[in-house]
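K.L.:
please find the sequence and the predicted model below.
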Amino acid sequence: RSGAGGDTIRSMTLAFRVMLITACLTIAFTAGFNILREHGYVGASWLPFTKVHYARSVASQILGKKQMQGGYLPAAEILNSGGKDLLVQYTADEALERMLVSALQKGQVRYAAFVAMDPDTGEVKALLSYGHNTENLALRATYPAASVFKIVTAAAAIEARRLSAGSLIPLKGSYHTLFRQNIFNSGGLSLASANGPARYWRHITLADAFGKSVNSIFGKIGIFGVGPQGLRDFAAKFFFNRPIPFDLALDESRAIIPDDPYGLAESASGFTRFNTMSPVHGALIAATVAQGGIAMEPYTVSAITTKEGESLYSAGPRELGRVLNVETAEELKVLMERTVSSGTSRGAFRDKRRNIILSQLTIGGKTGTLDGEAPRGRYDWFVGYATRGVKKLAVSALCIHGELRGIKASQVARLAIERYFKPDLALAVRPAAQ
């Protein structure tokens, strides 16, 4: 229609559409805001991002993946964000970090990274990078996961109810090789499947195979017990091939699981450079086991305030979800504690029963050793946990050696565990006054 009447109708129709769109956007925004508020992302005062993303943007824009002052995360520092000076408080234990830096210097290691976190809350108690002048090694994921990946393989087999800690598995050949004949010509995962004269093979429990890091056993578990898709699924559950939420810029760990049997055996046993992991990720894996299968989001920023004292952000525990059922986590603890008692890290903890601190702790872990190229060297891992009652600590130590071998990752982990639990245990063992 033309004329004044038609113009009026068109104006009313346009106004109605604008009102309708505005109403819909308002409803959607309000609903979304309420959901964020209910989950603790926003408080009474609205921030430019959700609280969690705001904290990460402030910390990462300055620190990012750069080397930290002194090689470790401070307790607090002033960061400038948008022209404003903000006090950023971290969860780190500076005394613990300084002690470890000193130990690494004396231990003559080429490069190292160390991360410790509280399994109950996700608080990062230490984040350390040593030997690199321009980059934070604790955040990189260029390092082969090596035999630490056996945790994933074992968890997949246990949760599928194929194996338990006491399961007996036929073994042929030495522990640390991965010859095809020792995988394919030694039967499957049961003693009944073993073939050939008995003098050519023996049996070993899953716990001992894990503790001693027997490659051929875990190669067979990958082929005959889990399969390529099962291993891929569990790698994803353990945060491989997907981002881990973190305050700082963290590399994504990678796990490449091929379909061909021998490639699958290499991946399942960790005898490959294609499975890579960051030290932060290693601590998260250990924390998940120590926490009974529940993963807590790791975080380093505890609070952000303005110079005037206004609180902009206050952190708290955030659950990432259940990775393992409780029964699987308990079986994994048996395996990881075997590493310390009679496995590949028994040397570092050989006096555990006599040590005034270590004797009161439950300690489990997994070692891993493999050559790598970024940076070049011999990669030496210890990923594990220590607990006493309700107090827990998950650790991830990586030492990268050159031609000369320095302090081992297991020894670095031991030093951190002793230092962390010492204040509590010193009071507990003090003799009564006469």
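P.N.:
Arrived safely.
K.L.:
okay, now the unreliable bits of this structure?
P.N.:
1-70, 191-200, 426-434 (pLDDT under 70).
K.L.:
hmm, try it at 50
P.N.:
Across the chain, the ranges flagged by pLDDT under 50 are 1-2, 4, 8-9, 30, 32-49, 431-434.
K.L.:
show me where the stretch 51-200 of the chain has its helices.
P.N.:
Assigned by DSSP state H, counting those that start in this stretch, the stretch 51-200 of the chain shows helices spanning 51-62, 94-107, 150-159, 180-184.
K.L.:
now these as CSV including distance to Pro228 and mean neighbour count?
P.N.:
(C-beta placed from N, C-alpha, C; glycine too.) Putting the helices of the stretch 51-200 of the chain into CSV (distance: least, CB to CB, whole Å; neighbours: other CB atoms under 10 Å) gives the following:
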stretch, distance to Pro228, mean neighbour count
helix 51-62, 34, 19
helix 94-107, 38, 17
helix 150-159, 11, 26
helix 180-184, 15, 17
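K.L.:
quick one: which of the ones you listed is nearest Gly83?
P.N.:
helix 51-62 (12.6 Å; CB to CB).
K.L.:
report the contact partners of the residue nearest to Met99 when sequence neighbours are not counted.
P.N.:
Nearest residue to Met99 in three dimensions, chain neighbours excluded: Arg419, at 5.6 Å (CB to CB, 6 or more residues apart in numbering). By CB atoms under 8 Å, 6 or more residues apart in numbering, the contact set of Arg419 is Ala95, Leu96, Met99.
K.L.:
and these, which is closest to Gly365?
P.N.:
Using CB to CB, the contacts of Arg419 come closest to Gly365 at Leu96, 17.9 Å.
K.L.:
quick one: the closest one and Leu127 touch, right?
P.N.:
No. Taking CB atoms under 8 Å as the definition, Leu96 is not a contact partner of Leu127, at 10.6 Å.
K.L.:
what about the helices in the stretch 201-350 of the chain?
P.N.:
Going by DSSP H, counting those that start in this stretch, the stretch 201-350 of the chain shows helices at 206-211, 215-220, 227-237, 261-269, 279-290, 326-342.
K.L.:
among these, which is nearest Asn182?
P.N.:
Shortest distance between Asn182 and the helices of the stretch 201-350 of the chain, using CB to CB, is found for helix 215-220: 4.3 Å.
K.L.:
what helices and strands are in contact with that closest one?
P.N.:
helix 150-159, strand 168-171, helix 180-184, helix 206-211, helix 261-269 (3 or more CB pairs under 8 Å, 6 or more residues apart in numbering; DSSP states H and E).
K.L.:
by contact count, what packs against the third one?
P.N.:
Using 3+ CB pairs under 8 Å, 6+ apart as the contact criterion, the elements in contact with helix 180-184 are helix 215-220, helix 261-269.
K.L.:
same thing with the fourth one?
P.N.:
Applying 3+ CB pairs under 8 Å, 6+ apart, one finds that helix 206-211 makes contact with helix 150-159, strand 168-171, helix 215-220, helix 326-342.
K.L.:
which residues of the stretch 251-400 of the chain fall in strands?
P.N.:
Under the criterion DSSP state E, counting those that start in this stretch, the stretch 251-400 of the chain contains strands at 276-277, 294-296, 301-306, 311-314, 319-322, 362-373, 376-388, 391-401.
K.L.:
Ala165 reaches Ala209, doesn't it?
P.N.:
No. At 10.1 Å, Ala165 does not count as touching Ala209 under the criterion of CB under 8 Å.
K.L.:
between those two, who's got more neighbours?
P.N.:
Ala209 (28 against 19; other CB atoms under 10 Å).
K.L.:
so how far is Glu94 from Asn133?
P.N.:
21 Å (CB to CB, to the nearest Å).
K.L.:
no no, Asp259
P.N.:
48 Å.
K.L.:
which non-adjacent residue is nearest Met103?
P.N.:
Slight slip there: residue 103 is Ala, not Met. Leu415 (5.4 Å).
K.L.:
how far away is the spatially closest residue to Arg405 that is not a sequence neighbour from Lys150?
P.N.:
Nearest non-adjacent residue to Arg405, counting by CB to CB, 6+ apart: Arg378, 7.3 Å away. Per CB to CB, Arg378 is found 19 Å from Lys150.
K.L.:
residues in contact with Ala154?
P.N.:
So Ala154 contacts Leu163, Leu206, Phe210, Phe218, Ile221, Leu332, Leu335 (CB under 8 Å, 6+ apart).
K.L.:
my read: the fifth one touches Ile158, true?
P.N.:
No. Counting by CB under 8 Å, Ile221 sits too far from Ile158 to count as a contact (10.0 Å).
K.L.:
would you reformat the helices and strands packed on helix 180-184 as CSV and include distance to Glu77?
P.N.:
What follows is those, written out as CSV (distance: least, CB to CB, whole Å):
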stretch, distance to Glu77
helix 215-220, 43
helix 261-269, 41
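K.L.:
mean neighbour count, these: which tops it?
P.N.:
helix 215-220 (a mean of 28; mean count of other CB atoms under 10 Å).
K.L.:
residues in contact with Leu113?
P.N.:
In this structure residue 113 is Ala, not Leu. Contacts for Ala113 (CB under 8 Å, 6+ apart) come out as Leu128, Ser129, Tyr130, Leu137, Ala138, Arg140, Pro279, Ser396, Ala397, Leu398.
K.L.:
which members of those residues are the farthest-apart pair?
P.N.:
Arg140 and Ala397 (14.8 Å).
K.L.:
among those two, which residue is more densely surrounded?
P.N.:
Ala397 (32 against 22).
K.L.:
look up how far Thr142 lies from that one.
P.N.:
17 Å.
K.L.:
and if you look at Asn275?
P.N.:
From Asn275 to Thr142 the distance is 12 Å (CB to CB).
K.L.:
which one of the two has more residues nearby?
P.N.:
A count of neighbours by other CB under 10 Å puts Asn275 above the other of Asn275 and Thr142, at 25 against 16.
K.L.:
just checking, the more buried one touches Phe240?
P.N.:
Yes. Between Asn275 and Phe240 there is a contact at 7.5 Å, judged by CB under 8 Å.
K.L.:
who touches both of those two?
P.N.:
With CB under 8 Å, 6+ apart, Asn275 and Phe240 have common neighbours Arg254, Ala255.
K.L.:
for Leu168, list the residues it contacts.
P.N.:
Ser190, Leu191, His203, Ile204, Thr205.
K.L.:
nearest spatial neighbour of it, skipping sequence neighbours?
P.N.:
Nearest to Leu168 is His203, by CB to CB, 6+ apart, at 4.6 Å.
K.L.:
endpoints of stretch 262-280, how far apart?
P.N.:
Distance between the boundary residues of stretch 262-280 (CA to CA, to the nearest Å) amounts to 29 Å.
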